[in-house]
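*Asks:* Kindly return the folded structure for what I paste below:
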Amino acid sequence: MAAVRLQRRLAAIMSADVVGYSRLMGADEAGTVSRLNALRRELIDSAIAAHSGRIVKLMGDGALVEFASAVDAVAYAIEIQRQLREHDAGGSEVDPIRFRIGINVGDIIIEGEDILGDGVNIAARIEGVAESGGISISEDTWRQVQGKVAVNFVDAGEHSLKNIARPVRVYRAEFDRQSTAEPAAPTLPLPDKPSIAVLAFQNMSGDPEQEYFADGIVDDITTGLARINWLFVIARNSSFVYKDKAIDVRQVGRELGVRYVLEGGVRKAGNRVRITTQLLEAETGAHLWADRYDGELQDIFDFQDRITEAIVGVIEPNIRRAEIERARRKRPDSLGAYDLYLRALPHFPFDMPEDGKIGMEFLEEALKIDANYAPAHAYLAWGLEMRVVRGGFNVADAEAGARHARAALDHGGDDATALGIASFVILHLSHDFAAASGAIARALSLNGSCAIALYFGAHIHSLSGDPTKAENYALRALRLSPFDPLCFVAHFALGNVRFRERRYDDSASSYAEGVRANPRFSTLYALQAAALGMAGRIDATKPISRRLLELEPTFRTCRVRHAGSFRRERRRLDRAVYNLL
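*Replies:* Down below sits the predicted model:
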């Protein structure tokens, strides 16, 4: 039988997605969906037909659109980005929606209403390297639109795009300098020792349910590397902001301030696992090392140790064997417990009590299998603490949370993350500063790059301990994990330090940074209002107090000092918060 001939045509393909979609949905899910639908209805969809375009598909936070010509595609993209900038300039939205847009001209395969092929894939990958509020186009597109559209495009160099065989030269739209688009992330300086970011590994199994397993592999490799004292390792939460994006490793190096980047993939089928890894030099994108590991699931921890050893061996040829041995983590006695723990991690941290139910159930099942598994105890203690503080101060939950935190301290003597989380819970639920600060000191002696221990260490010392140490920990945590969901904790700690020092204007500014990082954390609004009130800026407190009560009508002032914090300042703080709410 003759082979079926594929239907092809040449087209201009535009790929677009919403910048920071997960963050926007986390802050206000219903509002984000409503605003996005309004923008599509009023600004975006109506202009497509005018530019001879066709929406191929919408994907929640993005869209794939086909145009008859490159000029139509680019002209449409320019019009949309300019309209969005004008919309932002009105100042009606605190956190406006912005798009990245990528455009490519190429051969596509027609499959019903869908389109496939390298022409589509390149457009999607180019969109991944576009700036917030910007447009990136391929060289083929640029040749066809040069001098024919209202915006100049500048050469951004060749990019090695994920799963694209050859480098692609990219051009970026040069809008006016007064643009309201979100500024590019600042370039961070390299630290004074070898530095690395481990990016999210690609789940190559074709099964979305295996995503957690690939993430868990990265988490363990990151932790193993971080425990080597001459390595500077970016925390997982910041490395994972690039997940599922076609990103240039040179951009990663600039934004995270690292010399090396590790990326890879995981394929799990039945009881077999394959892990592929490659180490790249961030400044040039050059490959330094690559390897593949095959084996049975029972060998997974051995895989992680071998990969860690190989990576460190490339970075530092004269590595001491003692450091490799020290990097080996305490393992659970059962792979079943480990699997359940990995399934729980995506559900932490959470803002409201009901959000953590699924993750906590996984942890409870893990502890039924391995009652001494310290990380499971620590995360379960954290979940219970959040449920206590944000869910009504239930005594049974408080007792259970403190019990699990103590178990994490007892069984997690060599796990910095477990110690860091447990210390935070011990302070809040048991009011035991000595145990909490001691656990933080132990965690950081094991792993000075443990961002979660630094974040919680900053919080602990800002409340009851050494304010200088709190500030140092907060700044180190922000450098190690600049895109971390927990970064609001660092700003919280800095606000606490300045409140204790009676620098109320500075304290209010730090709390405001925390609010921007986590708009759903109501305690920060109360503290920001209290600091402004103590600074005599009463009028400035009114919109903040209104927002607090909109967010949480049943907010209780005792939450502000629930951890036994601000002991010297309690009377001042109580008076300030009471007067404002």
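*Asks:* for the helix or strand containing His377, packing partners?
*Replies:* Here His377, judged by DSSP states H and E, is contained in helix 374-391. Here helix 374-391 touches helix 335-344, helix 357-369, helix 395-411, helix 416-425, going by 3 or more C-beta pairs under 8 Å, 6 or more residues apart in numbering; DSSP states H and E. (Glycine included, C-beta is placed from N, CA and C.)
*Asks:* Next, format these as a markdown table and append distance to Leu549, mean neighbour count and mean pLDDT.
*Replies:* Below are the helices and strands packed on helix 374-391 laid out as a markdown table (distance: least, C-beta to C-beta, whole Å; neighbours: other C-beta atoms under 10 Å; pLDDT from 0 to 100):
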| stretch | distance to Leu549 | mean neighbour count | mean pLDDT |
| --- | --- | --- | --- |
| helix 335-344 | 33 | 21 | 82 |
| helix 357-369 | 26 | 19 | 93 |
| helix 395-411 | 25 | 20 | 95 |
| helix 416-425 | 27 | 29 | 95 |
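*Asks:* Leu551 contacts Ser522, correct?
*Replies:* Yes: with contact defined as C-beta atoms under 8 Å, Leu551 counts as touching Ser522 (5.1 Å).
*Asks:* Of those two, which one has the most company?
*Replies:* The residue with more neighbours, out of Leu551 and Ser522, is Ser522; 21 against 13, by other C-beta atoms under 10 Å.
*Asks:* which residues in the stretch 451-581 of the chain form strands?
*Replies:* For the stretch 451-581 of the chain, strands defined by DSSP state E, counting those that start in this stretch do not occur.
*Asks:* so where do the helices sit in it?
*Replies:* 451-464, 467-480, 487-500, 504-517, 522-534, 538-551, 570-580 (DSSP state H, counting those that start in this stretch).
*Asks:* now do the stretch 51-200 of the chain
*Replies:* 70-89, 118-128, 139-145.
*Asks:* Correct me if wrong: His287 contacts Gln278.
*Replies:* Yes: the criterion here is C-beta under 8 Å, and His287 meets it with Gln278 at 6.0 Å.
*Asks:* Looking at those two, which one has more neighbours?
*Replies:* More crowded of His287 and Gln278, by other C-beta under 10 Å: Gln278, with 15 against 11.
*Asks:* Now do the buried residues in the helix holding His377.
*Replies:* Buried residues in helix 374-391, counted by 16 or more other C-beta atoms under 10 Å: 374-390.
*Asks:* Then stretch 500-515?
*Replies:* Here stretch 500-515 shows 500, 503-504, 506-515 as buried, counting by 16+ other C-beta under 10 Å.
*Asks:* For it, give me every contacting residue.
*Replies:* Stretch 500-515 is touched from outside by 462, 467, 488-489, 491-492, 494-499, 521, 524-525, 527-528, 531-532, 534-535, 537, 566, 568-569, with contacts defined as C-beta atoms under 8 Å, 6 or more residues apart in numbering.
*Asks:* hmm, try it at 6 Å
*Replies:* Applying C-beta atoms under 6 Å, 6 or more residues apart in numbering, the external contacts of stretch 500-515 come out as 488, 491-492, 494-495, 498-499, 524, 527-528, 531-532, 534-535.
*Asks:* export those residues to CSV and tack on pLDDT and neighbour count?
*Replies:* Below are the contacts of stretch 500-515 laid out as CSV (pLDDT from 0 to 100; neighbours: other C-beta atoms under 10 Å):
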residue, pLDDT, neighbour count
Phe488, 93, 22
His491, 95, 23
Phe492, 95, 27
Leu494, 96, 25
Gly495, 95, 29
Arg498, 93, 22
Phe499, 91, 25
Leu524, 90, 25
Leu527, 91, 27
Gln528, 91, 26
Ala531, 91, 28
Leu532, 90, 26
Met534, 89, 20
Ala535, 90, 18
